[in-house]
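Chemist: the following block contains a protein sequence and its predicted model.
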Amino acid sequence: MNAIDLGELAVRRASESDAEALVRIDSVAASGDAERGASVRRWCRQGLVTMAEDASGPLGYCVVEYTFFEQGFVTMLMVARTSRGRGVGARLLADAAASRATPKLFTSTNVSNQPMQRL
């Protein structure tokens, strides 16, 4: 895969109006998981989502909540299938770390989720 020019990648807070576009790039929600779609919409409504986009549209999103021992926790990090392996997830995670509102930022993933473990 060719690396995208991360200089053209914008990372910004998602608004409620971004929710449907994020649902479309979320592989779980897009496959028909209504619960995931509802979560994406709720996270956007609550102002918890940071999204990465370029001129083509949304490439991924990250959700940080502060409910894990009152510290930051990356609840979800999703990159569109067509944008994986290009640095989008790393950029979202770096933004989450840089903008955290607490001294610590945690995340967790399944043992089987090798791409997230490598990230």
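Modeler: Received, thanks. Numbers count the residues shown, from 1 in each chain.

Chemist: Asp95 against Arg13, yeah?
Modeler: No. Counting by Cβ atoms under 8 Å, Asp95 does not reach Arg13; the two are 10.2 Å apart. C-beta: built from backbone N, CA, C; applies to glycine.

Chemist: who has more neighbours, the two?
Modeler: Comparing Asp95 with Arg13 by neighbour count (other Cβ atoms under 10 Å), the higher total belongs to Asp95, at 17 against 12.

Chemist: over to that one: give its phi and psi.
Modeler: When quoted as degrees, to the nearest 10, the phi and psi of Asp95 stand at phi -70, psi -40.

Chemist: now do it, the pLDDT please.
Modeler: Reading off the per-residue confidence, Asp95 sits at a pLDDT of 93.

Chemist: contacts only, for the nearest residue to it once chain neighbours are set aside.
Modeler: Counting by Cβ to Cβ, 6 or more residues apart in numbering, Asp95 lies nearest to Val11, which is 4.8 Å off, once chain neighbours are set aside. Applying Cβ atoms under 8 Å, 6 or more residues apart in numbering, we find Val11 in contact with Thr50, Met51, Ala52, Arg91, Leu92, Asp95.

Chemist: of these, which belong to strands?
Modeler: When strands are assigned by DSSP state E, the members of the contacts of Val11 inside them are Thr50, Met51, Ala52.

Chemist: quick one: the last one and Leu9 touch, right?
Modeler: Yes. With contact defined as Cβ under 8 Å, Ala52 and Leu9 form a contacting pair (5.6 Å).
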